[in-house]
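In: Fold the following for me, if possible:
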Amino acid sequence: MLDIKFLRENVEKVKDNIRKKFQNEKLPLVDEVVELDEEYRKIKTRCDQIRADRNRISKQIGSFMANGDDKAAAEAKQQVKDMVTELDAMKDKERILADKVRKIMLIIPNMIDDSVPIGKDDSENVELKKFGEPSVPDYEVPYHVDIMEKFCGIDLDSARKTSGNGFYYLCGDIARLHSAVLSYARDFMIDRGFTYCIPPYMIRSEVVNGVMSFSEMENMMYKIEGEDLYLIGTSEHSMIGKFINTFTEEEKLPIKYTSYSPCFRKEVGSHGIEERGVYRIHQFEKQEMVIVCKPNQSKDYFMGMLNNTVDFFQSLDIPVRTLECCSGDLADLKVKSIDVEAWSPRQKKYFEVGSCSNLGDAQARRLGIRVKCRDGNYFAHTLNNTVVAPPRMLIALLENNYNEDGSLRIPKALQLYMGGKAKLK
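Out: Predicted coordinates:
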């Protein structure tokens, strides 16, 4: 959410930013919120004036009564009474206008970074760099579900009976490999100076509205019927929510967490749910990075977080590339975002396995995440990035380690978590 003062002073910049995101339907909202804000400030000024006059006249009543001027005291009391009536009415208008301003400000997108490429959708995202050598073996690499089934490692039919499409049972060595990846990711990030955390898997609507836009919420979040609770789509949601309405001492920044959680997503949209695969599903697990920092630190930590994910995949010998999200592909709260994509030998192309995002002070402004400083308090910057999100990540792991004889190589980094096994047969 933008600072209303910034919008007030930079109307054309905000409109230009909306155009860059190809959301022209939101342009009228800028003028509308400026008018509402002006009306709100006038009413607020009037409320402050009434309070000052009421206090001044109230003090005079005692003096009138002490001097025996009952008529003046009665007139003063009536004035105070009239002021209270007017103030109550004005306070209602002030509250209504404040709510209207906030609702619109929640819809107007955040200002994107100057380095973000301009484009309408993900087809115009820009490749930045490749890491590792993508290769295609001279033998056929099966579909990832077929590989899992060779090891009796997945049961989609039973999951469809219990839960529907988009769910799965992982079993045996494949399930163990899934857990090994998460355990290794946890330790990898702890070694990089992040504090490990397991957050709540449900959050209240106040937190949901703070961490994402309404359209994202509608397409992602599962609501718990009869409760003010939502299942999280990523641990970032509850990790950022941890700081709601707080003041953090500046010297304690940055705060760096790596968090584990199951994730639940509706996956509403054009992609839909795969019938057999585990690429786009309703339930998965993820190791995440979350940083709360000073505004002048966020660009450096953004690149540091991105490098952590690249290094993680390289440590597993999985080729990846980084892809900068263009303006039209950025969620409304994001200042900048870079996706990490892993190589698929079977498809001979890269696919998304994580996303690194700088949200500036948008989430902090929505949730009241402030930094306490000698020179005055300010809103923190928040960042998040995926370390790894299996079982989607298993697609890349299985395909890049599949042998011609049907066995699977286990990367050296995971062997400790697989009981010392170097290969699955």
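
In: Could you grab the helix/strand/coil label for E341?
Out: With DSSP: H, G, I helix; E, B strand; the rest coil as the basis, E341 sits in strand.

In: hang on, it packs against Y350?
Out: Yes. Between E341 and Y350 there is a contact at 3.7 Å, judged by CB atoms under 8 Å. For glycine as for every other residue, the C-beta is placed from the backbone atoms N, C-alpha and C.

In: Show me the common contact partners of the two, please.
Out: The contact sets of E341 and Y350 overlap at V320, R321, L323 (CB atoms under 8 Å, 6 or more residues apart in numbering).

In: Leaving out the residues flanking it, which one is nearest to the first one?
Out: With CB to CB, 6 or more residues apart in numbering as the measure, F313 is the residue that lies nearest to V320, at 4.7 Å, once sequence neighbours are left out.

In: any idea of the mean pLDDT in the helix or strand containing the one you found?
Out: Following DSSP states H and E, the helix or strand that holds F313 is helix 298-315. In this model, helix 298-315 has a mean pLDDT of 98.

In: so where do the strands sit in the stretch 301-425 of the chain?
Out: For the stretch 301-425 of the chain, strands defined by DSSP state E, counting those that start in this stretch occupy the ranges 320-324, 336-344, 349-358, 369-372, 378-379, 381-388, 408-409, 423-424.

In: my bad, the stretch 51-200 of the chain
Out: Taking DSSP E, counting those that start in this stretch as the criterion, the stretch 51-200 of the chain contains strands spanning 126-131, 154-155, 169-170, 195-197.

In: on that earlier part again, please name whichever of the strands of the stretch 301-425 of the chain is nearest to F188.
Out: Using CB to CB as the measure, strand 381-388 is the one of the strands of the stretch 301-425 of the chain that comes nearest F188, at 7.1 Å.

In: Just checking the distance from the closest one to the centre of its chain.
Out: Relative to its chain's centre, strand 381-388 lies at 8 Å (CA atoms, centre = their mean, to the nearest Å).

In: Check which helices and strands it is in contact with.
Out: In terms of contacts (3 or more CB pairs under 8 Å, 6 or more residues apart in numbering; DSSP states H and E), strand 381-388 is packed against helix 172-190, helix 235-241, strand 283-293, helix 298-315, strand 349-358, helix 362-367.

In: Off-centre distance for the fourth one?
Out: Computed by CA atoms, centre = their mean, the chain-centroid distance of helix 298-315 equals 17 Å.

In: and the angle for that helix with strand 320-324?
Out: In terms of direction (axes from the mean of the first three to the mean of the last three CA atoms, to 10 degrees), helix 298-315 departs from strand 320-324 by 150 degrees.

In: Show me the contact partners of helix 298-315.
Out: For helix 298-315, contacts defined as CB under 8 Å, 6+ apart pick out 131-132, 185, 188-189, 192, 254, 289, 291, 293, 319-320, 322, 336, 338, 340, 342, 353-354, 356, 358, 360, 381, 383-388, 396, 411, 413.

In: If we go by neighbour counts, what in it is buried?
Out: For helix 298-315, a neighbour-count test (16 or more other CB atoms under 10 Å) marks S298, K299, Y301, F302, G304, M305, L306, N308, T309, V310, F312, F313 as buried.

In: before we move on, the earlier item: compare the strands of the stretch 51-200 of the chain and give me the one nearest Q60.
Out: Between Q60 and those, the tightest spacing by CB to CB is seen for strand 195-197, at 58.5 Å.

In: Parallel or antiparallel, which strands does the closest one pair with?
Out: Using DSSP bridges, strand 195-197 pairs in its sheet with strand 255-264 (parallel).

In: what about the closest residue in space to V278 that isn't next to it in sequence, how many neighbours?
Out: Spatial nearest neighbour of V278, chain neighbours left out: P391 (4.3 Å); criterion: CB to CB, 6+ apart. By other CB atoms under 10 Å, 26 other residues sit near P391.

In: Check T382 too.
Out: If you count neighbours by other CB under 10 Å, T382 ends up with 27.

In: what bridges to it?
Out: Where T382 sits in a bridge, its partners, by DSSP bridges, are V292.

In: And it, how close does it get to A331?
Out: Look at T382 and A331: by CB to CB, to the nearest Å, they are 13 Å apart.

In: how far does stretch 135-145 sit from the chain's center?
Out: How far stretch 135-145 lies from its chain's middle: 35 Å, per CA atoms, centre = their mean.

In: Begin at 398, not 1, for the rest of this chat.
Out: From this message on, residue numbering opens at 398, which makes the last subject stretch 532-542.

In: mind listing what's buried in that stretch?
Out: Of the residues in stretch 532-542, V538, H541, V542 count as buried by neighbour count, 16+ other CB under 10 Å.

In: tell me the most buried of the strands of the stretch 448-597 of the chain?
Out: By mean neighbour count, with neighbours taken as mean count of other CB atoms under 10 Å, strand 551-552 ranks first of those at a mean of 20.

In: Send over the helix or strand of the chain with the lowest mean pLDDT as PDB, restricted to the C-alpha atoms.
Out: Between all helices and strands in the chain, the lowest mean by mean pLDDT, DSSP states H and E belongs to helix 611-617, at a mean of 80. Provided in PDB are the C-alpha atoms of helix 611-617 (Å, rounded to 0.1, in the frame of the first residue of the first chain):
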ATOM      1  CA  PHE A 611      -7.800  -9.200  -2.500                       C
ATOM      2  CA  SER A 612      -7.600 -10.700  -6.000                       C
ATOM      3  CA  GLU A 613      -4.600 -12.900  -4.900                       C
ATOM      4  CA  MET A 614      -6.500 -14.000  -1.800                       C
ATOM      5  CA  GLU A 615      -9.600 -15.000  -3.800                       C
ATOM      6  CA  ASN A 616      -7.500 -17.100  -6.100                       C
ATOM      7  CA  MET A 617      -5.300 -18.700  -3.500                       C
END
